[in-house]
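1. sequence plus the predicted model coming up.
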Amino acid sequence: MTMLVERFSLPAALSPAPSKRDAETVQFAQAALTSAKREGLQLAVRARYVALVVIGCLLLVINPAWEQLYYVALLGLFALIGWAQVRVG
């Protein structure tokens, strides 16, 4: 039975040999995906920075006390994490 399956393997029989154009298409698609991934990561980190700045300003406006500096420092830590993501990614 396995000989029949191997002999009549349709996907292997129907698929043409990979051509140079197919290889170029794959390389182009991989380059496009890599570029889109990098741009998406940068956009996400920029949006994070904007949100952190808005939150920091709101913290200081809503409750202007020295105790809020702890939370502002934590926002700086979150910004540092975003910077590290861009450097690693």
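-> The structure has been received and is ready for your questions.

2. so what does the helix or strand that contains Ile55 touch, helix or strand wise?
-> Using DSSP states H and E, Ile55 falls within helix 20-62. Contacts defined by 3 or more CB pairs under 8 Å, 6 or more residues apart in numbering; DSSP states H and E place helix 20-62 against helix 69-88. (C-beta placed from N, C-alpha, C; glycine too.)

3. packing partners for the helix it packs on?
-> Helix 69-88 packs on helix 20-62, going by 3+ CB pairs under 8 Å, 6+ apart.

4. okay, angle between the helix it packs on and helix 69-88 too, please.
-> Calculated by axes from the mean of the first three to the mean of the last three CA atoms, to 10 degrees, helix 20-62 forms an angle of 170 degrees with helix 69-88.

5. quick one: mean pLDDT over helix 20-62.
-> Taken as a whole, helix 20-62 carries a mean pLDDT of 88.

6. centre of the chain to it, how far?
-> Counting by CA atoms, centre = their mean, to the nearest Å, helix 20-62 is centred 6 Å from the centre of its parent chain.

7. send me stretch 45-58 as CSV with only the CA atoms.
-> The C-alpha trace of stretch 45-58 is given here as CSV (Å, rounded to 0.1, in the frame of the first residue of the first chain):
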residue,chain,number,x,y,z
VAL,A,45,7.7,52.2,21.2
ARG,A,46,7.0,55.8,20.0
ALA,A,47,3.4,55.4,21.0
ARG,A,48,4.5,54.1,24.4
TYR,A,49,6.8,57.1,24.9
VAL,A,50,3.9,59.5,24.1
ALA,A,51,1.6,57.6,26.5
LEU,A,52,4.2,57.7,29.3
VAL,A,53,4.8,61.4,28.9
VAL,A,54,1.0,62.0,29.1
ILE,A,55,0.7,59.8,32.2
GLY,A,56,3.7,61.5,33.8
CYS,A,57,2.2,65.0,33.2
LEU,A,58,-1.2,63.9,34.5
